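Participant: Structure for this input, please:
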Amino acid sequence: MFSFLRRTSLYLLAIPMLTLGLGIASNQAVLVKNHDQFPVRWNGYKSNHYVKGLEKAAKKTDKKGKPTEEAEQAAFDLEAFQQEGFLDNTHVLMSSKTHLNWMADIFALGDTTYSLGDALLYFGEYLTGFMFPVFIFDVVRKLQKKEDSV
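Facilitator: Model (predicted):
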């Protein structure tokens, strides 16, 4: 089988697809193991910054002094964060109760936190961008080589 892949250059197309599949499987494993919650590792500074943003948004009122829809949502989000550690409807703060933490969102880059699965997805997407032209080039090269030997 591997000789077939090498002979036909299909491995050039299989590598990005396998990388994408591994990234998807990694993220899905974390979601399944944590009952549709994706753990995120945040330090105290990032958590406090998030809480202050929600507190500020929860104080917004309209011209009549009533809380806006955005303020009501922020108040709800703040309560969910303080009680259960929810950041949104999927992400939750990492704790001893969460599983597969090493595969969850642990790489903080700027304002976003990425997981191992995210890295595999981005790498697979990157590879997909140029592997098809490389595949075509390799097939043409092998065909020319075969034609020259005849």
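Participant: Pop the domain breakdown of the chain in here.
Facilitator: Per automatic domain parsing, the structural domains of the chain span 6-35+98-103+116-150, 42-93.
Participant: three-state assignment of the residue positioned nearest the centre of the chain?
Facilitator: Against the mean C-alpha coordinate of the chain, by CA atoms, centre = their mean, the closest residue is residue 118 at 3.4 Å. Assigned by DSSP: H, G, I helix; E, B strand; the rest coil, the conformation of residue 118 is helix.
Participant: Tell me which residues touch it, please.
Facilitator: Contacts here follow CB atoms under 8 Å, 6 or more residues apart in numbering; on that basis residue 118 touches 23, 27, 105. The C-beta positions use only the backbone N, C-alpha and C, and glycine is treated the same way.
Participant: do residue 115 as well
Facilitator: By CB under 8 Å, 6+ apart, the neighbours of residue 115 are 26-27, 30, 38, 103-107.
Participant: any idea which of the residues you listed has the most stuff around it?
Facilitator: Among these, residue 104 has the most neighbours (other CB atoms under 10 Å), with 27 neighbours.
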